[in-house]
Structure formats: C-alpha cells, structure tokens
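Asker: sequence first, then the predicted structure, then my questions.
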Amino acid sequence: MQNSDSKELIAFYNVENLFLPDKTPVHKQDPTFSGLRNWDSRKYQSKLSKIAHVFELMGQEHGVIPMLIGLCEIHGQQPLDELVRLKPFDSRYGVVHFDSMDERGMDVALLYDKEKFEIIRSEPISFFFEIDDGNAAYYDTTRDILYCKARYESKIIHIFVFHLPSKREKDINKPRRDFILKEIREKILLLTQENEAVVVCGDFNENPDAESLNNLRYDGDFNKILTNPFAELYTKGVFSAFHMKEGLVFDQIIFSDEFFQPDFPLNFQNAEVFSHVKLLSSDKKFVGRPFRTYVGTRYLGGYSDHFPVFIELLKNKNE
C-alpha cells in the first residue's frame, strides 16, 4: 500500500453486529448474548479480519487508509482493541469508545490515527425517553452519540458519531430520531459560531432527503452550516444499504464549511460509497448488494449488511 502525501480520508462503517463470541467470560451469564446463531470464536475472528480487510482494500485503491473512522454496531471495548492490532492499523490507531445503555449493548466508536490526531476531550451523549404503557411509567434508552474534540495540526475538529434508533414497527422511533437530531443541532450551532470545524458521521436510519437531516444543515436564519455530499449520491441511485427492494443511504458524513476554506488544512474533494467487488454479494438475487455476515439466522460469512462510506480531503498546501 502506497501512502498518499496529498490527501486524507474520513470514513464511517456500520459493521453489523460485532460481538465477542458467545460463551466468553463476558457472556458467561448469557451464552447467547449476541442474539446470533452459533456465534463462536472462529466466526468472530473471521469478522474482525474482514473489517480490517475493508480498510486494506480502501488503502490499496486510494493510497491511504482513513485517518478517522466512525463505527457502529460494536459491542464493548475488546473487539475494537483487537481490531486496531490488525493490518492495516498495526496499533497506530487509537480507540474512543464508551459503553452505552442500549438494550442490546450496541455502541458507536471512533478509530483515529494517533500520528495525525490528538483527542482533547471525548464523552457519550445519552438520551432517555419516558414510556407510559398504561400500567407504569419508565425510561427507555437508546444508543449514545459519541462526541470527540480533536486537534489536527493546529486546527480543532469536533466529531459526532451517530447510530440513531432504527426503523421498525411502522417507524415508531421516528420521534426519537427527530428529537436527537434537534438536540445535537443545538450543540453544532454553538460550535459553528466559534468557527471550529465539525464532522457528523453515522447510520442515521434516514436517507439524506429526510426533513430532520435537512434541518441539521441550517441555522435558525436558514443559513447553511453543514454540507451533506451523500444527498447527491442518493439522487444518483448510489446506495450504502438495502431493505427489501429499496436502496438506502442511511450512512452519511456531514461536515462544516471549514472544509472548503483556503486557510483550513483539509479541503473536501468528493464522497464515495465504498462498494469494492470483494464486499459484494455473490448471490445472483442480490447483485450489487453488500456481502452480509448473516441473513436472519443463516450465517453467510460476509463483511456487513452495509457498505462503508468515506469523504476524500485534499491537503491544503496554502494553509
């Protein structure tokens, strides 16, 4: 793999249920904790290798592996620590992760190149929703949003990693997604007023044309504060995931205007859904779709039910 001196990548990947093997000490009280059929050490190690291989392929094709990688559908710290020991990371990457209160233990995380980034501060942003079933009121939880304040060269970059509540049961979670995006928008508005860069990445369980995602991109006076290049890919029929016959772009990277400024060290060039041939299903019924790890309870041994996405940034020689 040849490193590029002229560009950097920022990526996001929903890796589809990266759990430790069932029957590990962590899961000894519940040997089927993952909810996956026969999720053993062999399948787990294969999964780790495949996730790492995705970024090897990205490096081979683009000359550099991403300096920042948002991840979701992770369970716990250990899989992340084991992942960054593999090629192409070779222990050069740090991990930012917090255990969330999600009912399945699903977390988000950030991998970062320690030679390029300094993490100044990080924290989970948690949300609790009151439920009243007619008998009693209680609080329900969802996946945290990961927030990191980082330094790249002399510039501050604020990073948010999302995995918003899923579409299910006639999209009962839509009010939750809308609420979370509204709350994070308020935080982003404060940051953009300080003229510091913002990157928002994740699986939003919404396509780029959703009203809630469009609202995220504008301030109270309808001035655009964030750019979402995946909106254009969506209109062109380039998808990162599929449900039934529908193509989806739930996986997106959205960023502030600093990435277009001549005095900023990184300038946006293009966005891509990384659908390398090795990540594609070989099933003729699912041409062009991701090679999944599972379909229902059937183990396929693939990478994920999502393609990774990334943005390419040119290093600004004028900075």
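Answerer: Arrived safely, thanks for sending.

Asker: any idea how many residues pack against the closest residue to residue 37 other than its chain neighbours?
Answerer: Among residues not flanking residue 37 along the chain, residue 297 sits closest, at 4.4 Å (C-beta to C-beta, 6 or more residues apart in numbering). No exception for glycine: its C-beta is placed from N, CA and C like everyone else's. Residue 297: 9 surrounding residues under other C-beta atoms under 10 Å.

Asker: so for residue 297, what's the pLDDT?
Answerer: pLDDT, residue 297: 92.

Asker: switch to numbering from 28
Answerer: All right, first residue 28 from here; so that's residue 324.

Asker: any idea how far it lies from residue 62?
Answerer: For residue 324, the distance to residue 62 (C-beta to C-beta, to the nearest Å) stands at 10 Å.

Asker: likewise for residue 284?
Answerer: Residue 284 is 42 Å from residue 62, by C-beta to C-beta.

Asker: ok, these two, which is more surrounded?
Answerer: Taking neighbours as other C-beta under 10 Å, residue 284 and residue 62 compare with residue 284 leading, 17 against 12.

Asker: what segments of the stretch 128-277 of the chain are strands?
Answerer: Counting by DSSP state E, counting those that start in this stretch, the segments of the stretch 128-277 of the chain that form strands are 134-140, 144-152, 155-159, 164-168, 172-179, 182-190, 224-230, 253-254, 268-270, 273-275.

Asker: so which elements touch the third one?
Answerer: To tie it back to what came earlier, the one meant is strand 155-159. Judged by 3 or more C-beta pairs under 8 Å, 6 or more residues apart in numbering; DSSP states H and E, strand 155-159 is in contact with strand 164-168.

Asker: pLDDT below threshold where in the stretch 178-327 of the chain?
Answerer: Along the stretch 178-327 of the chain, no part satisfies pLDDT under 70.

Asker: one more time with 80
Answerer: Low-confidence segments of the stretch 178-327 of the chain, defined by pLDDT under 80: 195-196.

Asker: what ranges do the helices span in it?
Answerer: Using DSSP state H, counting those that start in this stretch, the helices found in the stretch 178-327 of the chain span residues 201-220, 238-243, 257-262.
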